[in-house]
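Chemist: Pasting the sequence and the predicted coordinates here, then a few questions.
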Amino acid sequence: MIAATTIQIERTTNPKVKPQPDKLGFGVHFTDHMFIMNYSAEHGWHQARIVPYQPITLDPAAKVFHYGQTVFEGLKAYRTEEGRVQLFRPDMNFKRLNRSNDRMSIPPIPEELGIEAVKELTKIDQDWIPDGAGNSLYIRPFVIATEPLLGVHPSHEYQFIIIMSPVGAYYPEGINPVKIFVESRYVRAMVGGVGEAKTAGNYAAGLKAQEAANEQGYTQVLWLDGAEHKYIEEVGSMNVFFKIDGTVYTPALNGSILDGITRNSTIQLLKHWNIPVVERVLSIEEIYEAGRTGKLEEAFGTGTAAVISPVGELNWKGEKLVINDGATGEVSEKLYDNLTGIQYGKLEDPFSWMVEV
Ligand code: COI
């Protein structure tokens, strides 16, 4: 049951001091307001409200703490040079949120209501969109199972919350190439599991390998398939692409890889430019073979937080593969410039991706 709902607004009387645009980090600072909406089996989604940013109180038996019934999304708001505020493909986020909800037995959120909530919240906190090249307002919608009951069943109660954070680059490298460790011991997800859902457990499962990779000087982990440890999946915070002999390859979506919105947009841009792009099963061995024979021209990751992030080095079982001399490749740079050009309203938006707030 879906309750028709209007958004009640309570403004803060105590606005926070905003951070300096050159010292933002990622997800460190939060804006003055947040959105919350409740779900109960009796009333459906109801009580949509924007309130001052504040802690939430939950019963310690809330199912989210015990069984991880939760999903999240990530999108960004940008300010253009003329002062317009725009969102990048928010409909795609709410479609994916509802696919994640379905996988995690969480009731769907009406797409228009979700987008309306993001727009209203962004409007109220638009002064928090930071100045500075590459900066934006990161928007984090999420759903948590709040019913206080330890039986392993889908919750009958939820909260849908949106918080926002002024952010700079996700990686400390900024837009410089990152070094990535190819993980061959642990796995992130299996086909048939929850890999393609944006759910907390996928990220928690990756922390141990990520910590080990960080200790060896690698920024992130490249995950291989769970069954054979042979085929490339994703980097946890981004999807990956490889340019080999003029063609760009990315792993085909198989149920255990996140269906990235920047991934989808990258494929559309490459096709628009007539650069051959292929989605298929990709083995780590063939990437290394292309590297050894000089055919691997560049590699990059795509994601909302990561944007387009060049990959300068891989390490698989101790064998290092330096890509494009560790420098940013031509296609990565063109994608970064065009994608951010569209997002910040500097370039024409041929696909009508941007939605004005
Ligand atoms: C995003 O790009 O929005 C992500 O969800 C990646 C990460 C920060 C978890």
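Modeler: Received it, and whenever you're ready, just let me know what you need.
Chemist: From now on I want contacts and neighbour counts done on CA atoms only, so please keep to that.
Modeler: Noted.
Chemist: and the residue in the chain sticking out farthest from the centre, backbone torsions?
Modeler: What lies farthest from the middle of the chain is residue 293; by Cα atoms, centre = their mean that is 33.4 Å. Main-chain torsions, residue 293, degrees, to the nearest 10: phi -100, psi 10.
Chemist: The nearest residue to residue 347 once chain neighbours are set aside: helix or strand, and which one exactly?
Modeler: Take residue 347 and drop its neighbours on the chain: the residue closest to it by Cα to Cα, 6 or more residues apart in numbering is residue 341, 4.9 Å away. In this assignment (DSSP states H and E), residue 341 forms part of helix 330-343.
Chemist: next one: residue 161
Modeler: Using DSSP H and E, residue 161 maps to strand 157-167.
Chemist: That strand near the ligand anywhere?
Modeler: No. Residues of strand 157-167 are not located near the ligand by Cα under 6 Å from any ligand atom, the shortest gap being 10.9 Å.
Chemist: Residue 21 reaches residue 132, doesn't it?
Modeler: Yes. Between residue 21 and residue 132 there is a contact at 6.2 Å, judged by Cα atoms under 8 Å.
Chemist: Of these two, which one has the most company?
Modeler: Neighbour totals were compared for residue 21 and residue 132, and residue 21 leads with 18 against 11 (other Cα atoms under 10 Å).
Chemist: Dihedrals phi and psi, that one?
Modeler: Main-chain dihedrals, residue 21, degrees, to the nearest 10: phi -60, psi -20.
Chemist: The residue nearest to residue 347 touches residue 354, doesn't it?
Modeler: No. The pair residue 341 and residue 354 fails to qualify as a contact (Cα under 8 Å) at a distance of 11.3 Å.
Chemist: Which residues does the strand holding residue 161 contact?
Modeler: Residues outside strand 157-167 that contact it (Cα atoms under 8 Å, 6 or more residues apart in numbering) are 24-31, 33-41, 53, 118, 128-130, 135-147.
Chemist: and this protein, which residues reach the ligand?
Modeler: Residues of the chain found near the ligand (Cα under 6 Å from any ligand atom) are 74, 75, 237, 303, 304, 305, 306.
Chemist: rerun that using 8 Å as the cut-off
Modeler: With the criterion set to Cα under 8 Å from any ligand atom, the chain comes near the ligand through 72-75, 138, 140, 170, 198, 203, 236-238, 303-307.
Chemist: taking the residues you listed one by one, which sit in strands?
Modeler: In this view, the residues of the chain next to the ligand that belong to strands under DSSP state E are 72, 75, 138, 140, 303, 307.
Chemist: Can you flag the buried ones in those residues?
Modeler: Among these, those classed as buried by 16 or more other Cα atoms under 10 Å are 72, 75, 138, 140, 303, 307.
Chemist: How confident was the prediction at the first one?
Modeler: In other words, residue 72. As summarised for this prediction, residue 72 has a pLDDT of 98.
Chemist: what does the third one give?
Modeler: On pLDDT, residue 138 comes in at 98.
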